[in-house]
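Peer 1: Got a predicted model here, sequence first, then my questions.
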Amino acid sequence: MAHSFQRANQSLRADHGIRSTVVLVTALVLLIAWFTWALRARVPLYQTSLSARSRAASPGPIQIFAEFSPTALGDVRPGQPATFHPVGRASLPYGALPARVSHVAGEIRNGKVAVELSIESPVNHAILIHDGFPGSVEIEVEQVTPAALLMRSAGLVGGH
């Protein structure tokens with residue numbers, strides 16, 4: 001046992017602390033980079049619809065009528081970016097379609113909040129998405145830093 005301690009001690013003396021210093025500086029740089037990311041990066045938070053259906057009005061843009069849980073009432077506002085994810089035939093060629101919130105009901109009916117959205121894509125989807133196509137909607141309601149998100153989940157600060 002004493003022999004291995006002597007070898008370890010000799011090894012540390014011969015190193016002159018260079019290896020330890022390099023490891024310590026690398027760890028410090030990575031820690032600073034992680035803290036910078038946690039305090040400066042933006043993470044989007046979304047509200048997801050309970051249900052959504054398209055309404056193709058001729059002439060005019062395709063409208064989406066979606067229902068959200070009551071918690072969305074304070075979060076969802078006109079002008080926010082959204083994404084409509086049609087299901088079935090309509091989802092095959094284009095997948096998700098960009099949209100924007102155009103109207104939010106000011107009250108809760110049957111335990112749901114009604115939200116109206118307009119499809120923003122310049123491509124004519126009227127051929128692909130007909131009146132009544134089902135899907136889901138995600139609305140970006142906020143952007144927070146990872147540090148704020150961590151503090152919210154720990155219960156240290158309030159939030160949406």
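Peer 2: Received the coordinates, thanks. Residues are numbered from 1 along each chain as shown.
Peer 1: Report the central residue of this protein.
Peer 2: By Cα atoms, centre = their mean, the chain has its centre lying nearest to residue 44, at 3.8 Å.
Peer 1: Follow the chain on from the helix or strand of the chain with the lowest mean pLDDT and name the next helix or strand.
Peer 2: Least confident element among the helices and strands of the chain, by mean pLDDT, DSSP states H and E: helix 91-94 (a mean of 56). The helix or strand immediately downstream of helix 91-94 is strand 97-104, counting by DSSP states H and E.
Peer 1: Can you name every helix or strand that the helix or strand following that next one contacts?
Peer 2: Following strand 97-104 in sequence order, the next helix or strand is strand 113-119 (DSSP H and E). Packed against strand 113-119, as judged by 3 or more Cβ pairs under 8 Å, 6 or more residues apart in numbering; DSSP states H and E, are the following elements: strand 62-68, strand 81-86, strand 97-104, strand 134-144. Glycine gets a C-beta too; all of them are placed from N, C-alpha and C.
Peer 1: Now mean neighbour count, distance to residue 10 and mean pLDDT too, for those, in TSV please.
Peer 2: As requested, the helices and strands packed on strand 113-119 are exported to TSV (neighbours: other Cβ atoms under 10 Å; distance: least, Cβ to Cβ, whole Å; pLDDT from 0 to 100):
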stretch	mean neighbour count	distance to residue 10	mean pLDDT
strand 62-68	22	69	90
strand 81-86	22	63	88
strand 97-104	18	66	90
strand 134-144	18	52	91
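Peer 1: looking at these, which is closest to residue 8?
Peer 2: Judged by Cβ to Cβ, the one of the helices and strands packed on strand 113-119 that comes nearest to residue 8 is strand 134-144, at 47.4 Å.
Peer 1: what's the closest one packed up against?
Peer 2: strand 43-48, strand 51-56, strand 62-68, strand 81-86, strand 113-119.
Peer 1: got a markdown table for the ones you listed, with distance to residue 13 too?
Peer 2: Converted to a markdown table, the helices and strands packed on strand 134-144 look like this (distance: least, Cβ to Cβ, whole Å):
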| stretch | distance to residue 13 |
| --- | --- |
| strand 43-48 | 48 |
| strand 51-56 | 70 |
| strand 62-68 | 67 |
| strand 81-86 | 61 |
| strand 113-119 | 70 |
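Peer 1: Can you tell me which of these is nearest to residue 131?
Peer 2: Of all the helices and strands packed on strand 134-144, it is strand 51-56 that lies closest to residue 131, at 4.9 Å by Cβ to Cβ.
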